[in-house]
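J.: no sequence on this one, just coordinates:
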């Protein structure tokens, strides 16, 4: 007897994307794609945080040069 695949809920998929990028692919059975997307998302978040720190430091540095 052939098993009927369960339907995947688009609404639940949207909720998964909201919390962690890549979970939607894992939910849909694309494990490798999901893990790759999680790695890319974490790397992107790390780079953005470092860019924000760098810009904050530059602003602080210019302020100190102007203020001295």
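T.: Noted; the coordinates are in hand. Everything quoted here is computed from the prediction, not taken from an experiment.
J.: Longest helix in the chain, please.
T.: The longest helix of the chain (DSSP state H) is helix 31-67.
J.: Now do it: which elements does it pack against?
T.: helix 23-27 (3 or more CB pairs under 8 Å, 6 or more residues apart in numbering; DSSP states H and E). For every residue, glycine as well, the C-beta is placed using N, CA and C.
J.: so what secondary structure elements neighbour the helix it packs on?
T.: helix 10-19, helix 31-67.
J.: can you tell me which of these comes nearest to residue 25?
T.: helix 31-67 (3.4 Å; CB to CB).
J.: Next, the angle helix 10-19 makes with the closest one.
T.: Counting by axes from the mean of the first three to the mean of the last three CA atoms, to 10 degrees, helix 31-67 lies at 40 degrees to helix 10-19.
J.: Now helix 31-67: buried residues?
T.: By neighbour count on 16 or more other CB atoms under 10 Å, the buried set for helix 31-67 is 34, 37-38.
J.: Let's see the pLDDT reported for residue 18.
T.: Listed pLDDT for residue 18 reads 80.
J.: So what's the residue count around it?
T.: Residue 18 is flanked by 10 other residues according to other CB atoms under 10 Å.
J.: neighbours around the closest residue to residue 37 other than its chain neighbours, how many?
T.: Take residue 37 and drop its neighbours on the chain: the residue closest to it by CB to CB, 6 or more residues apart in numbering is residue 22, 3.4 Å away. Neighbour count of residue 22, defined by other CB under 10 Å: 20.
J.: Where does pLDDT dip in the protein?
T.: Scanning the chain for pLDDT under 70 picks out 1-6.
J.: Could you measure from the spatially most central residue of it over to residue 13?
T.: Most central in the chain under CA atoms, centre = their mean is residue 41, positioned 3.2 Å from the mean C-alpha point. Distance of residue 41 to residue 13, computed by CB to CB, to the nearest Å: 16 Å.
J.: Am I right that residue 17 is in contact with residue 24?
T.: Yes: between residue 17 and residue 24 there is a contact under CB atoms under 8 Å: 4.9 Å.
J.: More neighbours: these two, which one.
T.: Per other CB under 10 Å, whichever of residue 17 and residue 24 has more neighbours is residue 24, with 22 against 15.
J.: Next up, the contacts around that one.
T.: Applying CB atoms under 8 Å, 6 or more residues apart in numbering, one finds that residue 24 lies in contact with 13-14, 16-17, 34.
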